[in-house]
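Asker: Model the following, please.
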Amino acid sequence: MSGTHEGSFEALRSQLQEAAAAFADGPDALQGILLGIVDDVDRAVREPLEVFPVCHHSPASAVAMARRLREKQPKVVYLELCEDMAPLLTELRSCRLPVAVQAFAGDIDGFPPAWAPLSVVAPITEASAEYQAIAYALDTPGVELVLVDRSSDHVFQWDARRPRPAGAADPDVPPAVEEAALHGDAVGVEIGDLRPRFAELEEHLLRHGRVRHWSEWWHQYVELPLGDSDHDTYRQVMLLIGSLFRRLAPGDPHRLRVDEDRERHMWTRIREHLAATGTDPSDGLYVCGAFHAASRVEEFGVHGSGGFRISPRTATVWQHGLIPSSHAAIEAQFGLAPGSVSIAATEWTKNLKRTGVRPFRLKGQAGAGKAKPQKTPAPHPGRAGAVSARSPHPDRLSGFLRRPPVLDHLDEAELLGWSVDIVRAARRNGYLASTADAIAVFETSILLAGMRDRARPTPYDFQDAAVTCIEKDSVPGRRDVRRLVEIMMGGDRVGQVSYAALPPLARDVHDRLAPLNLRLRQRGVQRALLDIAGRPELEQCSDVLWILRHLLPHGAARPIMGERTLGERPIQESWDLALGTHQRALIELGYEGVSIEQVLEQRLRRAAYDPQATTARVLQAVEDATLYLRSRRLADELGGRALEVLATERSVDGAPEVLRRVRRLLAYYRTSEPVLPQWIEAFAKTGYAHYCTLLPTAFADEQATEGQVAATLGFLFGMEGLALSLGCDRTQLELAVAQSRPQEPAKRALLWAAQVHLGRLSRAELRSRCDELLGNPLLLPVYPRYLSGFVQALEPVPGLADFVVEAVSNAFARLPDPVLLPWLPTLITALRADGAESARLLVVREAGRIFPGRLAALDAWVPPWQEDEPERGPRGLRARTAAAGPRCWRRIPRRATR
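Answerer: From the prediction side, this is the model:
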């Protein structure tokens with residue numbers, strides 16, 4: 001028996017040995033590689049448990065898988081897939097493929113905290129061997145499906161042996177778009193990663209194959225020849241390719257160790273199952289990647305040796321579910337050429353029609369048509385069933401390697417249909433294409449195929465021809481010709497997870513939004529109109545939508561009309577909803593809790609108790625808890641946390657945001673509650689003392705901006721009444737102002753404004769100081785910075801609005817143009833800055849009150865701040881300004897009003 005096995009590939013060994021001697025001028029490493037490949041193939045085919053090598057998302061593998069399952073009908077199918085994903089596979093029948101099986105962990109234990117959250121996805125398409133195996137095992141009575149690959153926890157355990165650089169990306173992966181980002185930043189696992197790891201080998205194959213990328217080479221030289229081959233030929237060729245790529249892989253110790261540990265893990269699980277169930281190895285089928293099928297580890301085979309010990313999992317709790325996938329997401333995940341998965345799906349359909357193989361589909365599979373009963377075609381003369389009497393493992397490699405490639409005849413009808421369709425699609429997308437372009441695409445496709453040594457143009461040849469003939473200088477629309485060809489060849493098919501397979505949170509969201517009468521699980525944007533005043537029950541939908549807007553990515557729930565503010569009730573709202581497009585994000589929310597309220601509460605707590613949290617961030621969490629959850633309990637808890645964080649801050653960097661949020665919360669509680677919460681009273685009292693302590697430092701600190709100092713003064717002056725009623729002493733504030741010694745002009749103006757508010761400086765003294773600045777030629781260049789400080793001072797001291805208008809008017813009257821004009825953008829920016837709404841309104845309102853409302857009254861108008869100064873009356877001032885040159889008095893109010 002052993003002699004028969006050894007003799008199966010003896011002729012091939014002799015031929016390869018002669019070839020190695022001829023090409024390498026004698027026995028050398030080449031001979032060892034070639035003979036080692038044959039040994040790997042021989043070892044795999046002689047294994048009692050049939051090893052079925054596959055390539056991920058390969059139509060040839062899928063067709064061969066379906067054919068072999070119908071011929072052999074195994075009782076146990078061992079599949080290379082994470083073993084913890086098995087419970088989810090039964091839910092595939094209610095989903096529209098492609099979808100991805102996901103394992104997700106938000107709270108991790110045993111891994112570096114910077115890795116959180118952890119996510120692993122395994123995309124599944126109909127044109128894949130793994131789906132054929134899953135559909136056969138789940139719908140065939142008495143068949144068991146066993147997943148034998150490492151668990152999701154071990155994916156990251158073994159990855160932890162080598163630190164992952166933050167933000168590392170695969171340079172071959174195309175840039176992410178909406179469909180390509182469906183998997184997020186999850187780690188992808190695939191069945192049959194079959195790509196050369198030796199860069200020089202891949203470059204050599206692409207150059208001599210006259211193709212651009214690896215997906216095109218695989219389609220031309222593997223998919224097409226193996227599309228209708230018999231089982232033995234397919235199996236041995238795939239084992240040959242897997243062994244070749246394995247033996248020519250560069251020495252990456254970490255990756256090689258992970259691959260070998262995966263193989264040890266899978267064979268250990270297989271032997272454990274065989275021993276536990278007593279299954280005969282001949283009744284099983286082991287489906288794995290061709291790279292792993294040519295393994296040389298000691299644990300290989302049902303009689304393998306070696307005692308591999310599987311490490312225990314960490315304490316990390318993993319959540320499992322299904323998320324939508326797409327062809328573009330699969331291509332981006334695994335570095336495939338754009339459009340290659342769509343072309344593979346088209347080739348899968350053509351292979352089924354050509355070979356007559358009936359594929360397996362899960363009963364009730366969404367999006368799949370009913371399979372028509374077909375006769376299983378008679379086996380080819382060279383198939384295993386016909387040759388079993390001669391040899392259990394016939395040598396098919398020798399004949400396959402010696403046989404010249406079979407050239408498909410030109411299908412003019414198919415190519416002509418493609419040419420007409422692409423021109424029609426191009427015209428719909430703004431291209432000036434015509435019948436002449438269709439003829440040019442047809443002829444160019446044939447020309448390119450001939451230049452690349454093939455008689456029948458492939459979809460890649462047609463794509464290059466369409467780009468050459470139709471796309472000219474620019475792309476008139478959103479899609480270029482290359483993308484149009486991908487759509488025409490099948491498009492970027494996007495999967496969908498059914499309602500039954502959704503986690504409880506996602507189902508709850510759809511149930512609560514049912515009154516909207518929208519098909520929210522469909523992709524695309526849908527408009528929702530909520531007349532809450534006429535239909536009060538829609539207010540609950542509004543609450544759900546506002547929470548989703550807070551939790552989901554931008555665009556999932558976007559308000560068009562309406563807003564959610566403290567103390568207000570909604571009347572009418574309009575929303576743009578795209579929950580179907582963002583189904584993955586909604587599903588991942590289900591891993592964090594059973595309701596969106598619970599998830600939001602957890603995230604608010606996490607943000608508030610983060611070690612890097614600031615007072616402004618905690619106050620935002622308090623506001624969100626009140627606004628979205630209407631939870632007084634949570635708001636009080638987070639408010640106490642804000643008090644703790646405030647006591648630890650040593651700068652006024654967050655003072656503007658703290659001031660805005662405290663004002664909103666205080667105004668809300670004063671109008672909606674009979675008494676203020678204890679935490680906000682304590683916050684006002686503690687904040688008053690805290691900012692009094694920091695005020696002198698903020699005035700002297702060069703890193704603190706005038707806006708931050710103004711916000712600090714605004715908190716002190718705005719909360720002064722409440723703080724004093726709670727027992728604070730105003731002497732703290734007076735001492736803080738007295739100890740402040742600012743050096744910058746803007747901060748000095750803020751200090752003067754604070755002294756005016758406290759009664760330490762009169763208006764006359766302030767006006768006198770400004771006149772001194774204007775009268776000093778050396779200080780004129782910095783006077784606009786004083787004005788900027790006065791504008792910022794309107795936030796804490798709004799009573800200075802009339803003085804600010806006076807100061808700005810005097811600046812327009814007396815500053816030279818080289819000083820005034822460069823300052824104008826700074827003034828406009830200060831008035832339009834975030835948080836300066838009150839200052840802008842005060843300046844505009846005060847200017848409208850002071851300046852005349854009609855142009856005719858402008859010449860006789862006298863500024864009110866000059867009415868008490870006879871020596872600077874209109875006549876004397878006009879005479880002096882007229883003698884001084886072209887800058888006359890009547891220009892002053894015109895420029896000021898501008």
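Asker: average pLDDT across stretch 729-741?
Answerer: The predicted model gives stretch 729-741 an average pLDDT of 92.
Asker: can you list contacts of that stretch?
Answerer: Residues outside stretch 729-741 that contact it (CB atoms under 8 Å, 6 or more residues apart in numbering): 688-689, 692-693, 695-696, 699-700, 716, 720, 724, 751, 754-755, 758, 760. Any C-beta I mention is one placed from the backbone N, CA and C, and that applies to glycine too.
Asker: let's go with 7 Å and repeat that
Answerer: Applying CB atoms under 7 Å, 6 or more residues apart in numbering, the external contacts of stretch 729-741 come out as 689, 692, 695, 696, 699, 700, 716, 724, 751, 754, 755, 758.
Asker: again, but for stretch 776-796
Answerer: Taking CB under 7 Å, 6+ apart as the rule, stretch 776-796 contacts 706-707, 710-711, 713-714, 717, 745-750, 753, 773-774, 800-801, 804, 807-808, 811, 815, 819, 823, 826-827, 830-831, 838-839, 842-843.
Asker: Now for the contacts of stretch 729-741: which two are most distant?
Answerer: Using CB to CB, the pair of these lying farthest apart is 700 and 724, separated by 26.4 Å.
Asker: can you tell me how far the residue nearest to residue 303 when sequence neighbours are not counted sits from residue 446?
Answerer: Spatial nearest neighbour of residue 303, excluding adjacent residues (CB to CB, 6 or more residues apart in numbering): residue 48 at 7.7 Å. Using CB to CB, to the nearest Å, residue 48 is found at 50 Å from residue 446.
Asker: one step back: pull out the buried members of the contacts of stretch 729-741.
Answerer: Buried subset of those (neighbour count, 16 or more other CB atoms under 10 Å): 689, 692, 695, 696, 699, 716, 751, 754, 755.
Asker: got JSON lines for those, with secondary structure too?
Answerer: Putting the buried ones among the contacts of stretch 729-741 into JSON lines (DSSP: H, G, I helix; E, B strand; the rest coil) gives the following:
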{"residue": "689", "secondary structure": "helix"}
{"residue": "692", "secondary structure": "helix"}
{"residue": "695", "secondary structure": "helix"}
{"residue": "696", "secondary structure": "helix"}
{"residue": "699", "secondary structure": "helix"}
{"residue": "716", "secondary structure": "helix"}
{"residue": "751", "secondary structure": "helix"}
{"residue": "754", "secondary structure": "helix"}
{"residue": "755", "secondary structure": "helix"}
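Asker: how far is stretch 66-74 from where the chain is centred?
Answerer: With CA atoms, centre = their mean, to the nearest Å as the basis, stretch 66-74 stands 40 Å off its chain's centre.
Asker: Keeping just the C-alphas, turn it into PDB.
Answerer: Coordinates of each C-alpha in stretch 66-74 appear next as PDB, following Å, rounded to 0.1, in the frame of the first residue of the first chain:
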ATOM      1  CA  ALA A  66     -20.200  22.200  -3.900                       C
ATOM      2  CA  ARG A  67     -19.300  19.400  -6.300                       C
ATOM      3  CA  ARG A  68     -17.300  17.500  -3.700                       C
ATOM      4  CA  LEU A  69     -19.900  17.800  -1.000                       C
ATOM      5  CA  ARG A  70     -22.500  16.300  -3.300                       C
ATOM      6  CA  GLU A  71     -20.200  13.500  -4.300                       C
ATOM      7  CA  LYS A  72     -18.800  12.500  -0.900                       C
ATOM      8  CA  GLN A  73     -21.600  13.800   1.500                       C
ATOM      9  CA  PRO A  74     -19.300  13.900   4.600                       C
END
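Asker: what is the mean pLDDT for that stretch?
Answerer: Here the average pLDDT along stretch 66-74 is 92.
Asker: Quick one: residues in contact with it.
Answerer: Taking CB under 7 Å, 6+ apart as the rule, stretch 66-74 contacts 52, 132, 136, 231, 283-285, 357-360, 376, 385.
Asker: ok, now with 8 Å
Answerer: 50, 52, 132-133, 136, 140, 143, 231, 283-285, 355, 357-360, 376, 379, 384-385.
Asker: just stretch 535-554 next, same as before
Answerer: 509, 512-513, 515-516, 528, 530-532, 556-559, 562, 564, 570, 573, 575, 577, 579, 582, 585-586, 589, 596-597, 599-600, 603, 624, 627-628.
Asker: What segments of the stretch 251-400 of the chain are strands?
Answerer: Per DSSP state E, counting those that start in this stretch, the stretch 251-400 of the chain carries strands over the ranges 284-289, 319-324.
Asker: winner for burial among those strands?
Answerer: strand 284-289 (a mean of 25; mean count of other CB atoms under 10 Å).
Asker: on that earlier part again, please list only the buried members of the contacts of stretch 66-74.
Answerer: 50, 52, 132-133, 136, 140, 143, 231, 284-285, 355, 357-360, 384.
Asker: Could you list the single helix or strand in the chain with the lowest mean pLDDT?
Answerer: Ranked by mean pLDDT, DSSP states H and E, the weakest helix or strand in the chain is helix 874-884, scoring a mean of 35.
Asker: tell me the two of the buried ones among the contacts of stretch 66-74 that are most distant?
Answerer: The widest separation within the buried ones among the contacts of stretch 66-74 (CB to CB) is 25.0 Å, between 284 and 355.
Asker: just so I have it, where are all the strands in the protein?
Answerer: Here the chain has its strands, by DSSP state E, at 50-54, 76-82, 99-105, 118-124, 144-149, 187-188, 284-289, 319-324, 526-531, 557-561, 572-577.
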